[in-house]
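1. A predicted structure for the sequence below; I have some questions about it.
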2 protein chains.
Amino acid sequence: MKHPSPACVADDDLALLTDLYELTMLQAYWWEGMHERGVFSLYFRKLPEPRNFMLACGQQYVAELATRLRFPPASLQRLADIDLFDDGFLTWLENFRFSGDIWVVPEGTPVFPNEPLMEVEAPIAEAQLLESLVLNQVQLETVLASKVVRLVMAAEGRPVIDFGMRRMHGMDAAIRGVRAYRTAGLAGTSNVLGGLIHDLPLRGTMAHSYVLAHDDERDAFRQFARFYPGTTLLVDTHDTLAAVRKVIDLMAEEPSLKVGAIRLDSGDLGALARDSRRLLDEAGHQDVKIVASSGLDEHNIAELVKTAAPIDAFGVGTSMGVSQDAPVIDLSYKLVEYAGKPRMKHSPGKINLPGRKQIYRRRDTQGYYSGDLIALRDEAIDAGEPLLTPLVTQGQIDEATLAEADRARKRVQQILPHLPPAVRSLHPADPAYPVELSEGLKRLQRQQ
Amino acid sequence: MKHPSPACVADDDLALLTDLYELTMLQAYWWEGMHERGVFSLYFRKLPEPRNFMLACGQQYVAELATRLRFPPASLQRLADIDLFDDGFLTWLENFRFSGDIWVVPEGTPVFPNEPLMEVEAPIAEAQLLESLVLNQVQLETVLASKVVRLVMAAEGRPVIDFGMRRMHGMDAAIRGVRAYRTAGLAGTSNVLGGLIHDLPLRGTMAHSYVLAHDDERDAFRQFARFYPGTTLLVDTHDTLAAVRKVIDLMAEEPSLKVGAIRLDSGDLGALARDSRRLLDEAGHQDVKIVASSGLDEHNIAELVKTAAPIDAFGVGTSMGVSQDAPVIDLSYKLVEYAGKPRMKHSPGKINLPGRKQIYRRRDTQGYYSGDLIALRDEAIDAGEPLLTPLVTQGQIDEATLAEADRARKRVQQILPHLPPAVRSLHPADPAYPVELSEGLKRLQRQQ
């Protein structure tokens, strides 16, 4: 074991973050002289049960990583030590640059089963090499964004804040999660590094430990509010309503003290919010807000909103940090064309779609999305908005489109109102959003 | 947004991978002159429903990170830009070194509710700062190891291989997951970088894309087996048993061809394994092994083992990569003592344990673990093996104990047979493994 272990992955090691078979297949392609272009399509076959759509996220990020993949000398040495690769192939790796094309649906686009989130076309070895990294990275952000957008919808405009770093699977998830959260519409994050890197406002309150370290809860509140005017005080360490009264007393004793909010973190959040609101209002503190956390997910947020609980913001950790009810999506990265010929695996009972594709999204007269058509990319279709656009061309990333990734958050806000209400609902949509195959695609499928 | 984004976290940025409130609390402690020692205890209150025990993992790794946490100039500048921290405090951070003590249960130890996996004692700010990172990192490995050990037990000695990088939550999970997998007893991993860093043998087969890129499946098999003598051939791209026959024909045509195994990746794995075994045996290929993958978890592995399916090794991805049935554990890092005084939050219906603690694990006359006692650390107890041992003392890590982390895998193998059969079972243990509180601890608890 290398010691001390690196915290995560340095850029120089990134090309080795792959499955061994990618590299042995690459060497086989190279030995066989199979340098013709392959097209790989990234999609999922089935929605996780509790989801009506997935929010595609991470594909622009990983496309950018793909253009930067290199095998520096240290990586080549590590591969040489495995004793599977010959010098000629290692020299080929030394000169590796991704030289192909990558089409993506823009980040923040709702996607449905069998729709390609990404298509990669390149000399087959180059496109093959991306598989493991693309799957790992797109799954991470897509799974998280698809959960979080549900909480954002449930909160109906009230801010939802990420408190989840401690529940996420490691460092990369914690940081890249914030990127997905920003796209999905969270208002802030407690995660300092994640928020700084991915430009989401930092938010923080206090922990029980701070209150417990003081012999008197009142002292803890007084000190923290003096230090951080407008801060949020955590009121459930001993007795929530007693603590709210202490906050009110402190504000009476020391009128210059500015308390921005109180935070409820246990118990019946709806009832405690109502009682706290009443106490605060009676004391003339209509401006002190109420933040709730503790075991929140989209369902109890929706219930609190429906019952008009006077909660101004929600802090969420556990349910969101790993997308607890659907932590995984069965993404595939499949070869659909090689050397100009369509390719297709035959899987009993499963849909496989050969060839380069495009997705067309249609709207009805009210502006709602009414259904998608998956077609061959070169088929003449005049039915809705095409979703896949080129992001990487001959190994060069389109910087304008990449910068546009930053507009993914706005895209989500614009798109959500156009999803049919049943699809936007937290409950299973029945029937599911319609996705059809074009005549050209069905014909090609039958020919395989 | 910083662009290009870093792949993950550089050592220099690690101290910023924390929740904002840790830093604002630290500054408050510093402003208040609260420099006395605090003790924090890391534990969980409840087992996830499908688990009878958790395998503690990651605590030695993160303790080592804690001793290396620093705030270099770039981090301090980022904090200065947030506009919450004053120069005096930033100077204190500049000189930050963890100077305290960390006790841990050894990695690979089964743990139960309310048992401390780790206790951190230091000037309160130093111990507080570790909270978010410790929770994030210990959860990651503990959740993954606790899932994987179940698959290892179910396989009853047959090798289980990690194919799950693509289903894990990001890069850190993929790499650190391999560390947890090694501890839990996996035989190998497909993840190149993870396996190289954490010293687990690399394993790989081939993807459907390799077969599909060839016009003839037989060519794909022939080439791959020529290139990689003893390799594993994936036989389910078109028709599994037809492909097994092709492999047999190839070996007849070209007797020098060495095929190590075939891999089944869809369909009824038990039936296909039996039919494939028969075909291979009839052709005299008793030495060609059968690897199965596709939707495996501990329950269907147990079923395949029970029905004596002739499968020599299992490749697992989705169910394992995120610990799909229990992706999260509600770990707490709670202040239990400050300035020599025990501290305890009052949570209706929840157990909170003040003070520095020790766990004693008892055995019955047959050698099975018969129950644990959680006691105060300085209580005189003569009842079983104490589990918590010092790993970091006055900021210095015990290199001998750290190196011993590499023996965690062996520890798991030694310990598992001593767990009572009901606890080792894949089904819920009823009654649960008994964990009691010492008289001293109960007395202290009542006094809070």
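-> Sure thing, it's come through. Numbers count the residues shown, from 1 in each chain, chains lettered A, B, ... in the order given.

2. give the next helix or strand downstream of the helix or strand bottoming out on mean pLDDT in chain A.
-> Lowest on mean pLDDT, DSSP states H and E among the helices and strands of chain A sits helix A:399-404, with a mean of 76. With elements assigned by DSSP states H and E, the helix or strand that comes after helix A:399-404 is helix A:408-415.

3. who touches the helix or strand just after that following helix?
-> Under the assignment DSSP H and E, the closest C-terminal helix or strand after helix A:408-415 is helix A:421-424. Helix A:421-424 is contacted from outside by A:N52, A:F53, A:P110, A:M153, A:Y369, A:L416, A:A429, A:D430, A:Y433, using Cβ atoms under 8 Å, 6 or more residues apart in numbering or on different chains. C-beta coordinates here come from the backbone N, C-alpha and C atoms, glycine included.

4. do stretch A:122-130 as well
-> When contacts are defined by Cβ under 8 Å, 6+ apart, stretch A:122-130 is touched by residues A:15, A:18, A:22-23, A:25-26, A:29-30, A:34-40, A:62, A:66, A:69, A:96, A:98-101, A:120-121, A:333, A:335, A:338, B:207, B:209, B:213.

5. and the closest residue to A:D215 other than its chain neighbours, how many neighbours?
-> Among residues not flanking A:D215 along the chain, B:K341 sits closest, at 7.9 Å (Cβ to Cβ, 6 or more residues apart in numbering or on different chains). The number of residues packed near B:K341 is 13, by other Cβ atoms under 10 Å in any protein chain shown.

6. and for the one 10 residues further on?
-> By other Cβ under 10 Å, 12 other residues sit near B:I351.

7. so it, which of the three states?
-> coil (DSSP: H, G, I helix; E, B strand; the rest coil).

8. likewise the one 3 residues further on?
-> State at B:P354, reduced to three classes by three-state DSSP: coil.

9. need phi/psi at A:R278.
-> phi -60, psi -50 (degrees, to the nearest 10).

10. same thing with the one 5 residues further on?
-> Taking degrees, to the nearest 10, you get phi -90, psi 10 for the backbone angles of A:A283.

11. contacting residues for it?
-> With contact set as Cβ under 8 Å, 6+ apart, A:A283 has these partners: A:I248, A:M251, A:A252.

12. and what of A:S425?
-> Neighbours of A:S425 in contact, by Cβ under 8 Å, 6+ apart: A:N52.

13. same for the least confident helix or strand of chain A, what does it pack against?
-> Judged by 3 or more Cβ pairs under 8 Å, 6 or more residues apart in numbering or on different chains; DSSP states H and E, the packing partners of helix A:399-404 are helix A:59-68, strand A:389-393.

14. relative to chain B, which of these is closest?
-> helix A:59-68 (6.2 Å; Cβ to the nearest Cβ).

15. how about the closest residue to chain B within the stretch 251-400 of chain A, secondary structure?
-> Closest contact between the stretch 251-400 of chain A and chain B, by Cβ to the nearest Cβ, is at A:L335 (3.7 Å). Here A:L335 is strand, with the state taken from three-state DSSP.

16. tally of neighbours for the closest residue to A:V316 other than its chain neighbours?
-> Once flanking residues are discounted, A:V316 sits nearest to A:L296: 4.8 Å by Cβ to Cβ, 6+ apart. Per other Cβ under 10 Å, the neighbour tally for A:L296 reads 24.

17. who are the contact partners of A:L296?
-> A:L151, A:L269, A:F314, A:G315, A:V316, A:S319.

18. out of the residues you listed, which sit inside helices?
-> A:L151, A:L269, A:S319 (DSSP state H).

19. kindly report the residues of the stretch 201-350 of chain A close to chain B.
-> A:202-210, A:212-213, A:215, A:223-224, A:227-228, A:231, A:237-239, A:266-267, A:318, A:321-322, A:324, A:327-328, A:330-331, A:334-335, A:338, A:341, A:343-348 (Cβ under 8 Å from any Cβ of the partner chain).

20. wait, A:V149 touches A:L186, no?
-> No. Counting by Cβ atoms under 8 Å, A:V149 does not reach A:L186; the two are 9.5 Å apart.

21. before we move on, back to that, by pLDDT, give me the weakest of the ones in helices among the contacts of A:L296.
-> Summarising pLDDT for the ones in helices among the contacts of A:L296: the lowest-scoring member is A:S319, with 94.

22. which residues are in contact with that residue?
-> A:S319 makes contacts with A:K147, A:G295, A:L296, A:D297, A:E298, A:D325, as judged by Cβ under 8 Å, 6+ apart.

23. could you redo the last one with a cut-off of 10 Å?
-> Listed by Cβ atoms under 10 Å, 6 or more residues apart in numbering or on different chains, the contact set of A:S319 reads A:147-148, A:150-151, A:164, A:167, A:295-301, A:325, B:328.

24. circling back to that earlier point, burial count for the residue of the stretch 251-400 of chain A closest to chain B?
-> For A:L335, using other Cβ under 10 Å, the count is 25.

25. which of the contacts of A:S319 sits closest to B:L79?
-> Nearest to B:L79 among those is A:G164, at 21.6 Å by Cβ to Cβ.

26. excluding its backbone neighbours, what's nearest that closest one?
-> Nearest non-adjacent residue to A:G164, counting by Cβ to Cβ, 6+ apart: A:G321, 3.3 Å away.

27. same question, A:P110
-> If the residues on either side of it in the chain are set aside, A:P110 comes closest to A:F53, at 4.1 Å by Cβ to Cβ, 6+ apart.

28. wait, the one you found sits on A:V111?
-> Yes. Assessed by Cβ atoms under 10 Å, A:F53 is found in contact with A:V111 at 6.8 Å.

29. so which of those two has more stuff around it?
-> A direct count of neighbours by other Cβ under 10 Å for A:F53 and A:V111 places A:V111 higher, at 25 against 22.

30. picking up where we left off before, and the contacts of A:S319, which of them are buried?
-> A:147-148, A:150-151, A:164, A:167, A:296-301, A:325, B:328 (16 or more other Cβ atoms under 10 Å in any protein chain shown).
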